[in-house]
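[1] the sequence and its predicted three-dimensional model are supplied below.
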Amino acid sequence: MEFMNPILEILIRLWDCIAKDVGTIRNVGAELKALENALEDLKNVAEDVKRKVELEEERQKVRRKEVDSWLQKVDDAEKRVDDLLQKADQRPRRSYCFGCRDGCRSSYKLGKQVKKNIKAVKELKNQGSFAEVADMLPCGPVDERPLEDTVGLNSEFEEVEKWIKNREVKMIGIYGMGGVGKTTLLKKINNEFLKTSYGFDLVIWIVVSKQSNVEKVQEAICEKLKLPEDTWKNKSEDAKAVQIFRILRMKKFVLMLDDVWKRVDLVKVGIPTSDNQTCKVVFTTRYEDVCGYMEADKTIKIKCLAREEALTLFKKKVGVSTLDAHPSIPKLAEVVAEDCKGLPLALITVGRAMAGKKDPSDWDRAITKLRKDPSRIMGVDEEVFGILKFSYDNLHDDVIRSCFIHCCIYPEDHEILIDDLLELWIGEGFLDEYDDIHDAREQGREIIGGLKGASLLENGKSVEYVKMHDVVRDMALWISSGFKAKANIYLVLDHVSLLEAHLFTSKVEAERISLWGSSIRSMNEFPSSSNVLTFLATHTAIRRFTSEFLQSMPFVKVLDLSFNFQLAELPSGIGKLVKLEFLNLSNTRIRELPIEMMSLRKLKYLLLGSCYRMEVIPRQVISSFSLLRVFKISGSSVSDSGSNSKNVENNVLFGGGIHLLDELEQLQHINDISITISDTTSVQKLQNSRKIQICLTSVCFERCEGLSSLDFPSSSVERMRHLERLDIYYSELQQVTIYPENGLTSIGYFHHLLSVYIAYCDNLLDLTWLIHAPMLELLDVAHCASMMEIVKDHHINAGVEADLSIFSRLKKVRLINLPNLQSVYPYPLPFPSLIEIHASLCQSLRRLPFDSNSAKGTLKEIRGPVWWWIRLKWDDDESLKTLFRSYYVPEGPIW
């Protein structure tokens, strides 16, 4: 029986195998269900992993390779199981397979595959527990910025690129008005680093913005450097700076700061700024001042596009299909583009608004809207005015904002004379916080500088002028109206057609009205304007204003009728304007101020400059203006010889100016006087009146018969500290002297004398006293037959401090018909400010006080006749003549 044991063992094992296989066959259904459940569990885990990956990728992370490989395995497993389940669904449905050999075999194989896949799916599920599914992206050298094709900016780009290559340039400032293309240029520079590294490892771009601070800049840098948040998020500003510094000091990098509104302290941020550090900062700002605060080594102003470039950009936004829709549209497009004045933001916004407008009448309406109310064009108020308004909102205070808004009282494209603008600001009361009118003007000039720095005003045709970009002006009008289309606070009428359109309205709601242009010839009627506080009618052809017109503005405070060269009289009823504080009649033909003006008790500013026909100002009129602060008159034609003048005994202009000086001296608040003096008695009055001397801003000595010497003691000169302009015409003067008194050796100076005009003074030999005018900018000497020298040699150091730089501020010199003039100055001078010198009919002037160091970097023009230039001597230095030859401009004939 022992031989049976091995056989029995074999049979038992055989049975176990058969039983297991039979179990596999019999349990196929249950195993398939288990496989489905396992696969569902795996798919749920995979979905969780995918969501984590998507979230991390949104945070600019990159998925790990092991996660990517696992997800691929899941996809493969899912396909494999799906195929298996599909095969199972296709097998015959039997409860058992005995008697069916093929069925048993297929069920057995299926069962084995199911078990194998259950095990694989479960193992795959267990592998899906990842602590981290993604890693931070490696820090690339530069992130490409989305950028459309640019128009213009090529020269600006080349200039900045040159500075980027220059190791000596560390800080580059790009400034300009809002919407002009500063950010576009910065993006173009940024993307250029994708092509060439310029030797830098890293480019960091940060939008600084108005509300930004050091901490926000630090956070942006940390994010760019891909620093884990837990290493910096809760650290102090100083600790973050140390961390940033530690990383960046080992790198060669460019930091690009977009939209900087104030100084960013780079040291506090943690930026290495030492001289040996290979780093560069490029920033954009709307403010030129910010370039200074940021200590920029180089700055560049982005200007509006030229006409052709502007049209190109505009057409790109409009689209070819619209431009080709009608033959008239291209020409109309040129008109619309022109009205945008080259501002890219306006061109883009208006261009998009006009895309699809294929009817010429739509373009006609758009042109009308642009000229009357641009905010009605879709997108202009938000996308153009809204962006420009950020600059307005960032102005320091409401005074500056009011001054800015008031600039839109001038018409489009107008060259605004700065002195006129200052007078208007002061007249409006914007600068009333200053008791001294001269301090108010200085503050006004600072405001103008700030507005230019903010690109809200632009330089005009010369340093005496500013301009307002048309789109900026439209924005100012939009702000002044409270962002409403028809609530015009300012009404500017620069053509008779606009004026006539308003004559048919029953009432004018505007508070400030201005009329401009020679097409306006009459003002016989005007709608009721009881809201008007300011009225300007200037540079028109109006001959008279009716009394009814003035009475329609009972509350007017500012009345400017200047530069109406046909206006010969003031209307009756002007005395009823009892609220009037500012009256400007300069450059008119008005002959007389009416006695009724004594009723203008609130008048503070009376301007009568270049009123060459003025003959009568009744006595007691000027002295009745008890609040008068500013009085200016020039060009009046009455003197002692004017016996034919109307009522000479009651006329302050009769007597050469002494009666006018008497009345001005009585005024308690007078602060600024410009006056013409035409007799010796009035000269003596001026020399003896401390009050007049202190208030004197401009004085003209005209004729003054019998006056051979004009003498000023040093104390008088010091008191005339506000004197800016001095004229001497048709005089018998032989000399002007300034002398010390009370044993003092110092003579004193005209600290603010900027302009000197001398003409028709045949006995005057020299102007050596000018050495006491260190701030002099303009010297104009003409028709002085005996003039031999401007400054004499033997007076150079008489009473003048040794460190005085003579003519150091002089910008323009004009010498006309001085036949005996031999010398401007006996020795060469540096003339560090000189721009222009003009000499005509000065046949004895053989030398100019120049050497190789004179007027370096400033001189633009030496003008004179060819024969004079050829005869000039240059101390036998031919190289000196060659140096200045490039500045010579031949003078045309003088008739």
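    On my side now, so go ahead.

[2] for S674, helix, strand, or coil?
    Here S674 is recorded as strand under DSSP: H, G, I helix; E, B strand; the rest coil.

[3] how much space separates it from L664?
    From S674 across to L664, the span is 11 Å (Cβ to Cβ, to the nearest Å). C-beta: built from backbone N, CA, C; applies to glycine.

[4] identify the contacts common to those two.
    F631 (Cβ atoms under 8 Å, 6 or more residues apart in numbering).

[5] and the contacts of stretch 363-372?
    Residues from elsewhere that reach stretch 363-372, judged by Cβ under 8 Å, 6+ apart: 328-329, 332-333, 335-336, 339-340, 350, 353-354, 357, 376-377.

[6] ugh, wrong one, stretch 158-167
    With Cβ under 8 Å, 6+ apart, stretch 158-167 has contacts from 169, 172, 174, 185, 189, 192, 198, 254, 278, 280, 282, 297-298, 300.

[7] output those as JSON lines; include the columns secondary structure, distance to C761 and pLDDT.
    Formatted as JSON lines, the contacts of stretch 158-167 follow (DSSP: H, G, I helix; E, B strand; the rest coil; distance: Cβ to Cβ, whole Å; pLDDT from 0 to 100):
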{"residue": "V169", "secondary structure": "coil", "distance to C761": "53", "pLDDT": "93"}
{"residue": "I172", "secondary structure": "strand", "distance to C761": "53", "pLDDT": "96"}
{"residue": "I174", "secondary structure": "strand", "distance to C761": "52", "pLDDT": "96"}
{"residue": "L185", "secondary structure": "helix", "distance to C761": "56", "pLDDT": "94"}
{"residue": "I189", "secondary structure": "helix", "distance to C761": "60", "pLDDT": "94"}
{"residue": "E192", "secondary structure": "helix", "distance to C761": "63", "pLDDT": "91"}
{"residue": "Y198", "secondary structure": "coil", "distance to C761": "64", "pLDDT": "88"}
{"residue": "V254", "secondary structure": "strand", "distance to C761": "63", "pLDDT": "93"}
{"residue": "T278", "secondary structure": "coil", "distance to C761": "65", "pLDDT": "77"}
{"residue": "K280", "secondary structure": "strand", "distance to C761": "59", "pLDDT": "92"}
{"residue": "V282", "secondary structure": "strand", "distance to C761": "57", "pLDDT": "96"}
{"residue": "D297", "secondary structure": "coil", "distance to C761": "50", "pLDDT": "94"}
{"residue": "K298", "secondary structure": "strand", "distance to C761": "49", "pLDDT": "95"}
{"residue": "I300", "secondary structure": "strand", "distance to C761": "48", "pLDDT": "95"}
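
[8] narrow the residues you listed to those that are buried.
    Among those, those classed as buried by 16 or more other Cβ atoms under 10 Å are 169, 172, 174, 185, 189, 192, 254, 280, 282, 297-298, 300.

[9] greatest separation within those: which pair is it?
    With distances taken as Cβ to Cβ, the most widely separated pair in the buried ones among the contacts of stretch 158-167 is E192 and D297, at 19.7 Å.

[10] if we can go back for a sec, and the contacts of stretch 158-167, which two are furthest apart?
    Across those, no pair lies farther apart than L185 and T278, at 23.0 Å, counting by Cβ to Cβ.

[11] OK, contacts around F157?
    185, 188-189.

[12] helix, strand, or coil at it?
    Quick answer, by three-state DSSP: F157 is helix.

[13] got it, and the one 3 residues further on?
    At V160, secondary structure determined by three-state DSSP is helix.

[14] what about stretch 651-668, how long is it end to end?
    22 Å (Cα to Cα, to the nearest Å).

[15] all helices for the stretch 1-150 of the chain, in order.
    4-26, 28-58, 65-89, 101-126 (DSSP state H, counting those that start in this stretch).

[16] typo on my end, the stretch 501-650 of the chain
    Counting by DSSP H, counting those that start in this stretch, the helices of the stretch 501-650 of the chain are 547-551.

[17] so, low pLDDT: which residues of it?
    The stretch 501-650 of the chain contains residues with pLDDT under 70 at 501-507, 525-528, 637-648.
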